[in-house]
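Engineer: Predicted structure and sequence below. I'll ask about it afterward.
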Amino acid sequence: MKQEEKIIEIKKLNKWYGRLHVLKDIDLTVFQGEVVVIIGASGSGKSTLLRCINFLEKPQKGTITIDGDELTVKTKKLHLVRREVGMVFQHFNLFPHMTVIGNVTEGLTQVKRVDKSEAAKIGEKMLDKVGMLDKANAYPSMISGGQKQRVAIARALAMNPKIMLFDEPTSALDPELVGDVLLVMKKLAADGMTMIVVTHEMGFAREVADRIIFMDEGKIVEEGTPEDIYNNPQNERTKEFLSRIL
Amino acid sequence: MGVWDFSVIPEYFTSFLPYAWMTVRVTFFGILIGLGLGLLFGMLRISRFKIIQLPAKFYIWLIRGTPLLLQLLFIYNGLVSIIKLDPLPSAFIALGIHNGAYIAEIFRGAIQSIDRGQREAGISLGMTQSKVMRRIVLPQAVKRAIPPLSNQFIIALKDSSLASAITVPELLLHARQMASSNFRMMEMLTIAAIYYLIMTTILTIFANLIEKKMRAGDLKRVI
């Protein structure tokens, strides 16, 4: 495990939806360049945890420290922190009224105030990285789900984030389109990007993850290397989950 | 008058033209003021703060809950002790306020129909709430608002006839005045109906063109 520098430190994170306690005292530290995969049954809180990290969901208690900045719900200027955290969604969420290249450069020109020609250069580089440069002028409605997700990854990468969050990035894709997206993610991991990935792709988790976290009922019940988790799970719930999914 | 005589229609037809123009003016300013009020109150209505929503909710409740004819009379005759308005500005204001309430709801519906994921994607890029609204949500919402808006504009055009009640010289008032001197009510109403149909048809064609153009934007192919 690469343990040079803590980039995310989550302490005693708690989240309720009304009376439903969905995250219970979550503690999690992620190091620079680490790939953490979160697994667990639906409703276990894994997506909520991911969405709390860039405050798309507001946790009621606890702190999240991102690259030295300690954040709580009350922190002002959360939008400044979000620039450092790229997010990829299950349903891509590309902007349908903009072209592919427009999607990728939107954050650069509107948030980072990069001038247009410079933004276009960065955008093209990112599209090339995910193999989508030939569709730069297409609209999202013209491309496949797998292509959309690669564009969404390029859009997040263009902001040069310190961390990338992936919220079930392949769950909405046809099986034959999953491979291309996973390939892009593997390349990213190999380039040293810090990644937190919520996924059901066990093959990907085994191959790419530095650490796997198993969540159940709003708690982290087990974590370890892929070998530990797959070959020698300690917790009953982990065993049960893996026997169902593998 | 026993028998209808539609052969008199050509004779009277052109005399309606200036009154049709008045209908166009009343409709135009009614819509213009309505769009301004609608945008303003539509935005207030979706505010995160209850205290800001409240005036918008009240406005929409009040205006949608009372008849336009009453609103016209209220502004022209009712307010007379506070402010004396001429019929025409009264009609502009009453129709503007009336349409504003409906347009506010159209904007609210269109904005709220935009998938939450769009907002989240913008926020994740580090955009502020207002930037997300301007760059991501509104451009898509405007597109969705066009069909219900064009419907509302057609309603506004027809509703302008109620301004006859406060003596604005528009199509319907002219038709009734002509009929009272030539005793050809059916024929005069038919002429007015033809004018309304011409104007609503033009509006519909125009709305369809815009809709088609907007749709084309979604289907642009790679060059």
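Structural biologist: Looks like it arrived, so ask away.

Engineer: Next, the buried residues of the longest helix that chain A contains.
Structural biologist: In terms of residue count, the longest helix belonging to chain A (DSSP state H) is helix A:175-190. Neighbour-count burial for helix A:175-190 flags A:177-178, A:180-182, A:184-185, A:188-189 (criterion: 16 or more other Cβ atoms under 10 Å in any protein chain shown). Placement of C-beta: from N, CA and C, glycine included.

Engineer: Next, format those residues as TSV and append pLDDT and distance to chain B.
Structural biologist: Shown next, in TSV, are the buried residues of helix A:175-190 (pLDDT from 0 to 100; distance: Cβ to the nearest Cβ, whole Å):
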residue	pLDDT	distance to chain B
A:Leu177	87	19
A:Val178	91	20
A:Asp180	90	18
A:Val181	91	17
A:Leu182	92	21
A:Val184	92	18
A:Met185	93	17
A:Leu188	92	17
A:Ala189	93	20
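
Engineer: B:Ala193 - how many residues pack around it?
Structural biologist: By other Cβ atoms under 10 Å in any protein chain shown, the residues close to B:Ala193 number 13.

Engineer: can you tell me how far it sits from B:Arg176?
Structural biologist: 13 Å (Cβ to Cβ, to the nearest Å).

Engineer: Could you name the helices and strands sitting against the helix or strand hosting A:Gln147?
Structural biologist: According to DSSP states H and E, A:Gln147 maps onto helix A:145-158. Counting contacts by 3 or more Cβ pairs under 8 Å, 6 or more residues apart in numbering or on different chains; DSSP states H and E, helix A:145-158 packs against strand A:85-88, helix A:100-110, helix A:116-129, strand A:163-167, helix A:175-190, helix B:116-124.

Engineer: State the mean pLDDT of it.
Structural biologist: Helix A:145-158 carries an average pLDDT of 94.

Engineer: Would you mind putting the CA coordinates of it into PDB?
Structural biologist: Taking C-alpha atoms only, helix A:145-158 is exported to PDB below (Å, rounded to 0.1, in the frame of the first residue of the first chain):
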ATOM      1  CA  GLY A 145     -23.600   4.900 -22.800                       C
ATOM      2  CA  GLY A 146     -20.000   3.700 -22.600                       C
ATOM      3  CA  GLN A 147     -18.900   6.700 -24.700                       C
ATOM      4  CA  LYS A 148     -20.900   9.000 -22.500                       C
ATOM      5  CA  GLN A 149     -19.200   7.700 -19.400                       C
ATOM      6  CA  ARG A 150     -15.800   8.100 -20.900                       C
ATOM      7  CA  VAL A 151     -16.600  11.700 -21.800                       C
ATOM      8  CA  ALA A 152     -17.900  12.200 -18.200                       C
ATOM      9  CA  ILE A 153     -14.500  10.900 -16.900                       C
ATOM     10  CA  ALA A 154     -12.700  13.300 -19.300                       C
ATOM     11  CA  ARG A 155     -14.900  16.200 -18.000                       C
ATOM     12  CA  ALA A 156     -13.900  15.500 -14.400                       C
ATOM     13  CA  LEU A 157     -10.200  15.000 -15.400                       C
ATOM     14  CA  ALA A 158     -10.100  18.300 -17.200                       C
END
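
Engineer: That helix to helix A:175-190, inter-axis angle?
Structural biologist: Calculated by axes from the mean of the first three to the mean of the last three Cα atoms, to 10 degrees, helix A:145-158 forms an angle of 20 degrees with helix A:175-190.

Engineer: Which residues does the most centrally placed residue in chain A form beta bridges with?
Structural biologist: Centroid check for chain A by Cα atoms, centre = their mean gives A:Leu165 as the closest residue, at 1.6 Å. Per DSSP bridges, the residues bridged to A:Leu165 are A:Met87, A:Ile196.

Engineer: ok, it - contacts?
Structural biologist: A:50, A:53-54, A:85-88, A:195-197 (Cβ atoms under 8 Å, 6 or more residues apart in numbering or on different chains).

Engineer: repeat that for 10 Å
Structural biologist: A:8, A:49-51, A:53-54, A:56, A:85-89, A:156, A:194-198, B:124 (Cβ atoms under 10 Å, 6 or more residues apart in numbering or on different chains).

Engineer: before we move on, what about A:Thr99?
Structural biologist: Counted by Cβ under 10 Å, 6+ apart, A:Thr99 has contacts A:105, A:135-140, A:142, A:151, B:220, B:222.

Engineer: Show me which of those is closest to B:Ile114.
Structural biologist: If you rank the contacts of A:Thr99 by distance to B:Ile114 using Cβ to Cβ, A:Pro140 comes first, at 14.4 Å.

Engineer: Check which helices and strands the helix or strand containing B:Phe74 is in contact with.
Structural biologist: According to DSSP H and E, B:Phe74 maps onto helix B:68-76. Judged by 3 or more Cβ pairs under 10 Å, 6 or more residues apart in numbering or on different chains; DSSP states H and E, the packing partners of helix B:68-76 are helix B:87-112, helix B:138-159.

Engineer: Tell me which of those lies nearest to chain A.
Structural biologist: helix B:138-159 (5.1 Å; Cβ to the nearest Cβ).

Engineer: for chain B, what are the low-confidence residue spans?
Structural biologist: Residues of chain B meeting the criterion pLDDT under 70: B:1-2, B:216-223.

Engineer: which helix is the longest one in it?
Structural biologist: Longest helix in chain B, counting by DSSP H: helix B:185-218.

Engineer: can you tell me the distance between the two ends of stretch A:71-88?
Structural biologist: 21 Å (Cα to Cα, to the nearest Å).

Engineer: Residue 207 - how many residues pack around it?
Structural biologist: Let's take chain A. 12.

Engineer: right idea, wrong chain: chain B
Structural biologist: Neighbours of B:Ala207 using other Cβ under 10 Å come to 17.

Engineer: Chain neighbours aside, what residue packs nearest to it?
Structural biologist: The shortest distance from B:Ala207 to any non-neighbouring residue, by Cβ to Cβ, 6 or more residues apart in numbering or on different chains, is to B:Ser150 (3.3 Å).

Engineer: do A:Gly102 as well
Structural biologist: Using Cβ to Cβ, 6+ apart, the closest residue to A:Gly102 is A:Phe95 (7.3 Å).

Engineer: The one you found: what's it in contact with?
Structural biologist: Counting by Cβ under 10 Å, 6+ apart, A:Phe95 has contacts A:102-103, A:106, A:139-140, A:155, B:118, B:121-122, B:125, B:135-136, B:139-140.

Engineer: Phi and psi next, for it.
Structural biologist: Phi and psi for A:Phe95, reported as degrees, to the nearest 10, are phi -80, psi 110.
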